[in-house]
Structures are given as structure tokens and as C-alpha cells.
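Asker: Structure, please.
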Amino acid sequence: MRYRLLLITALVTLAASATGAQNKTIAPTENLVVEGIPAIPASLADDVRRYTESRPANFADWHPVRREMLIATRFANVLQVHHVKMPGGARKQLTFYNEPIGGASFEPTQGRYFVFGKDVGGNEFAQLYRYDLADGRVTMLTDGGRSQNGDVLWSTKGDRIVYGSTRRNGADRDVYVMNPADPKSDTRVMQVTGGGWQAIDWSPDDSRLLVMEFASITKSTLWLVDVANGQKTALTNPADEVAYLSGAFSGDGRGVYVTTDKDNEFQRLGYIDLATKQLTPLATELKWDVEGFDLSHDGKTLALSVNEAGVSKIYLFDTVTRKARPVTGVPSGVLGALSWHRNNHELGFSIASARSTSDVYSLDVTTNAVTRWTESELGGLVAAELSEPELIKWKTFDGLEISGFYYRAPSRFTGKRPVIINIHGGPEGQSRPNFIGRNNYFLNELGVSIIYPNVRGSTGFGKTFVGLDNGMKREDSVKDIGALLDWIATRPELDASRVMVTGGSYGGYMTLAVSTMYSSRLRAALDVVGISNFNTFLKNTESYRRDLRRVEYGDERDPKMSAFFDKTAPINNAQKIAHPLFVVQGGNDPRVPLSEAEQMVERVKQNQKPVWYLMAKDEGHGFAKKNNADFQFYATVMFVRRYLLDQETAGSSQPR
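Answerer: Here you go, the predicted structure:
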């Protein structure tokens, strides 16, 4: 009898434990504000775990003397600086902060220390710090206040840095010079008006700076600045509607290499003679955007990164013969960095692809040997099982051809597949065949196909295309998504009755605008840090970026423009949203303020449709901390299952 009682007690306890395990949920941390989101079952974290554990490795800088480098990668919650002493070597973590590190560069003579940037809670008010490798001590170099400090560039001699800072008034990005070994040497070299100023190179003798005044993606001016007195001379015509996006002094200091769209649709390589200020186009056989370059320290070779239909290609340009040759053997993907070692024969770079998170490589240009320095974890994913995107094209309302990348659900999923349309930000961004991380879950486990469109206004397709959405043409880009919905309806493998739209930043605005214009054709929408009204956005975005955004979106101080913003604002058309909406926002976002999300959520609640809201108090323009990004992903999976796939139980893992 006693044995029977013990057995019954054990069975009851086991049953209770099983019930308790089933009822466990993932509680949001104190930094998260959650509204409308149902309890997330703890089992969901196990279901999706291998899609949340991949991590990138990004090239930061070469050691100036040794064949070693700094990289940024994540062992815990956020990206930190690591030291790698050889290809495939251990990643020795050097910084240990709760906030991600933004960039790191060695002191370029002996590598005794490096300079890095770090903000707090995603507020983008980054301060500069010096990390001494001898003892691991960290010294703050900048004021520590509510200012942006960044774009660090070392002098040719290696004894000073130049950087930009908004510390004077929060709006204007002045130019400063400092010896990081002596923070008291900090000196303002150039006082400016506007938030788009940046020093992009030192002259070979360190007497002058090449400074860019960025007004918009289609207009910028190059200036030569005397370091001793701050006097500036225009190298290019400030009145020209021309974009110069990269620049570097030639090795002899007599000219400047640039990328520019002057007299051309695309950013191409050019050379400006400093004596005549005449521009000579170079490597004109390259018909795509030269998206960046780096000049070898001996001045003999330019390494070019060319964006060919979204895929990065590396070319080497001989500055004597003025001939470019393509580099072979580099993995296909999207380049994240490109930098010469001081040995002048080795390039360091990061590259990512649909089947590989970002990893670090080097190229020996004398032997053409490509060496892999890091092999980052995919978190249990199998590279061969990840979907490779297909380039697709469709005609939009005015006959313009629009393109995008289409990730198909695996063939084992039968019947018409649901679709997620994921719109990039910017708006001067570009969707490229990159690693999509967590989003592989929707493809591989739920059978949801994903399309990443490049609507008008995207970069990579020429400057005319970039300008097609400016000002009062804003809704034309929204109509491009309407045409994509038409295209989806023609595809026998896709289910036009089950479509969700999502995007971040400007892509968040597009998500909301598409939701008001095409709600009857959508099942659901997920807006991440999106703009709900350009009038309120331009009023509340940080002052250092306000004028830059007015060039793209329009000036809300113009009554006609303001009236257009009010007419087209998603918040003023929110009554048309008849599908569930999920809004994600960072509490410290300096770009798209918290108020944009709050006002949209409160308005859409009046529609008597489901509204989910997630806000992180310790994040900015998107979630950078893994724990927050994980919670966002868990909630997104539930949202997709419930409203796109019509699953009755959010915890179900079986796709329909």
C-alpha cells in the first residue's frame, strides 16, 4: 500500500511538473514595455534557438606593425572589440561593456593603443575612448556630454586624429584635431554650420584636410582645409548638384581621388588635380557604383569596392598605369570593410552572403591568395540549407522597372506560400543578397517566402532613380509596393491572400503607408522604428540631422509641404488600417523619436483591430542588444503565426 501511495504521489508530481513546464512563459525584462502581446511560451525559445545564435565578425583595423587585427564580434549580448593574432586564431576580447562598440582603430605607428567609440542605450551620442594595450586602461577622450563624436581619421604621421563633434551646440558638426595620448591637446580646427561635415583624409604632409560637406545623397562639396588656421577652400563647386561620396589625397599630394556621379548616373572613380581643380574620370569601364575605396600607404594602388547588382566586387587600380583589374577568388557577397595593411600588399575586409554571416578575410594582392581569418558560428544552422535569393523585376504604375531579392520557401512546403515583404530603410538604402539571420526561420520552418524590394529612391540604380521619391513624389514609392502585390498575385507558388509587410526606419514608414493604402490586400504589418508623420518627425528628430532630412523628405516649414505631409501621413490615414499591426520602437531613438510610435499605436487602437507594441528603454534606432532582439523575435514569430498563418495557437510550430 505504501508503495502504491508513493507511486501515485510521484505520478501526480510528474504531471504537475509537466503542466508547469508547459505553462512557463518568457517574461520581458524591466527595460521592455509590452502592450497587446500575449504571453510568450518558454518553449518558443527552444523552437527558434538555432536561428538566434549566429554572430558576425567585422573587420575593424590592422595592427600597424604586425600581421594582426582588431575585429568586432559578440560573445555575450553586444558587439565588442577583439584582438586576432593570426588567421583562424583565438578572438581575445578586449572591451567588456553593456553597450556595443562603434569602430576601433590602432594608433598607427606602434599599435600601443586603439581609439573606439561608444554610446549609451542606443542614443547615438557616442564618446571617444583610448584603450591602452599595455594595461587595459580606458581613458575618455571627449566631453562625455550630449554630443556626437566620431568619424575618426589618423594623420599620415600617426600622431593625431581628426574627428567630428556636435558638442558646441548639438546641431553643427565641427571638426577637431587631437593627440589621443594627450586629450588636453584637443583643438577645434573648423567651426561649421550643419550636421553633414566630415574630414575624409589628411594630406601626405598633414598640413591640410580633405573635408566633405554632405547635403544629401545627390549633393555634396569637397573642401581643402588648412589644419593650422582652419581656413577652407572649395575644391568642388558648392552650387553643383553633384555627389562626392569618397575622397583621398594621392600619394604625391598633387591631387585627390574621389568617387562622384558628376556627368554620370553612377558613382565612378575620378581624379581631381589640385592645381586646376579639373576632374578626370577613371576606370570608366566600371558601369556600377564604386561604393568605396582605400589607397595603399605607398600611394600605388587603389582597392575599389564595386556594387554590381547588389553584389560586391573588388578591383585593384594601378595609380601609375591607371588600369583596373578585377580580383578573383573572393567569396561572393556584400562587402563591409576594405583596408590596406601598412605592408602595402595585403587587404583586410569583411564579407557576408545569404549563407554566411559576416566574416573577416584578407587578400594578398601579389599572390592573389585569399585568407579567411574568422569562421563565425551560424548557431546550428546549416549553410547549404539557407535560401539563396533570386533577383526579380516588375513594372510599376508608371512603367518604371522595380527590382528586389526573392527568398523562396523550401520546396518541401507545398501549396501557395504566404509572403513577407521586407522594405529597407534609408530611404537611400538598398536591399542586397545579404545574410538575413533570424528571418531564415520564417523560410525554413514556417514556409513563408520573403521579398526584399528596392523601390524608387533606393541607391545602386543611378542618381535619377534615387531622386524619384523626393518631396511630393513620396507616395510613388508606396505605389511600387502596390505593383509588387500585383506581381505576387501572378505567381502560382505565392498566396496573394496571405501577405505581411514589414520594414525598419524609412521601411517602417513604408510599412505604415502601405498599410493605409493597401490594407485590404494585407494580413498583417510590422513597423520597426517607423515614421508616422513627417511633420512631427522633422520637428522632433535630433537637430544635427534635421536639415539633412529636409532635403530628402521636404521642408515642413513650407506650408504646401506641411499640408502634403498631413494629407499623406499614416497617422492621419490610420482609420484605413483594417489588419493587425505590430509596432517596435527604441526609447532612446535620436533619428525617429519615440513619439512617432506612441502616437501611431494610440491612434490605431481606435480601429478595434489587434495592436501589439514593444518598446525597449535601453535601445535606439533598432535593437542592438541580443536579449532585446531575441524577445522582439519571439513576439514576431507569434505575430506571424497568428495573423499571417492563421494558427489558432501561437505556440504551434506546424506551418499551414
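Asker: hey, where'd the helices end up in the stretch 401-550 of the chain?
Answerer: Taking DSSP state H, counting those that start in this stretch as the criterion, the stretch 401-550 of the chain contains helices spanning 440-444, 463-466, 474-490, 506-517, 534-540, 543-553.
Asker: Check those helices for me and report the most buried one.
Answerer: helix 506-517 (a mean of 26; mean count of other CB atoms under 10 Å). Glycine gets a C-beta too; all of them are placed from N, C-alpha and C.
Asker: Please save the CA atoms from it in PDB.
Answerer: These are the backbone C-alpha positions of helix 506-517, laid out as PDB (Å, rounded to 0.1, in the frame of the first residue of the first chain):
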ATOM      1  CA  TYR A 506      12.100  54.600 -43.500                       C
ATOM      2  CA  GLY A 507      11.000  51.000 -44.200                       C
ATOM      3  CA  GLY A 508       8.800  51.400 -41.100                       C
ATOM      4  CA  TYR A 509       7.200  54.500 -42.700                       C
ATOM      5  CA  MET A 510       6.700  52.500 -45.900                       C
ATOM      6  CA  THR A 511       5.100  49.700 -43.800                       C
ATOM      7  CA  LEU A 512       2.600  52.100 -42.300                       C
ATOM      8  CA  ALA A 513       1.900  53.900 -45.600                       C
ATOM      9  CA  VAL A 514       1.400  50.600 -47.400                       C
ATOM     10  CA  SER A 515      -0.900  49.600 -44.600                       C
ATOM     11  CA  THR A 516      -3.100  52.700 -45.100                       C
ATOM     12  CA  MET A 517      -3.100  52.400 -48.900                       C
END
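Asker: Name every strand pairing with the helix or strand hosting residue 220 and say which way it goes.
Answerer: Using DSSP states H and E, the element containing residue 220 is strand 219-226. If you go by DSSP bridges, strand 219-226 pairs up with strand 208-216 (antiparallel), strand 232-234 (antiparallel).
Asker: out of those, which comes closest to residue 450?
Answerer: Proximity to residue 450 (CB to CB) singles out strand 208-216 among these, at 30.3 Å.
Asker: List the buried residues in the strand holding residue 220.
Answerer: Buried residues in strand 219-226, counted by 16 or more other CB atoms under 10 Å: 219-225.
Asker: and which of these is nearest residue 331?
Answerer: Nearest to residue 331 among these: residue 220, at 31.8 Å, using CB to CB.
Asker: any low-confidence regions in this structure?
Answerer: For the chain, the stretches flagged by pLDDT under 70 are 1-23, 648-656.
Asker: let's go with 50 and repeat that
Answerer: Across the chain, residues meeting the criterion (pLDDT under 50) sit at 1-21, 650-656.
Asker: helices or strands next to the longest strand that it contains in the packing?
Answerer: Looking across the chain with DSSP state E, the single longest strand is strand 494-504. The contact analysis (3 or more CB pairs under 8 Å, 6 or more residues apart in numbering; DSSP states H and E) places strand 494-504 against strand 417-423, helix 474-490, helix 506-517, strand 524-528.
Asker: Pairing partners for the shortest one, with directions?
Answerer: Listed by DSSP bridges, the sheet partners of strand 524-528 and their directions read strand 494-504 (parallel), strand 581-586 (parallel).
Asker: following the shortest one, which helix or strand comes up?
Answerer: Counting by DSSP H and E, the next helix or strand C-terminal to strand 581-586 is helix 594-604.
Asker: same for the helix or strand just after that following helix, what does it pack against?
Answerer: As assigned by DSSP H and E, the chain's next helix or strand after helix 594-604 is strand 611-616. If contacts are counted by 3+ CB pairs under 8 Å, 6+ apart, strand 611-616 sits against strand 32-35, strand 581-586, helix 594-604, helix 626-639.
Asker: please redo it, this time with the cut-off set to 6 Å
Answerer: strand 32-35, strand 581-586, helix 594-604 (3 or more CB pairs under 6 Å, 6 or more residues apart in numbering; DSSP states H and E).
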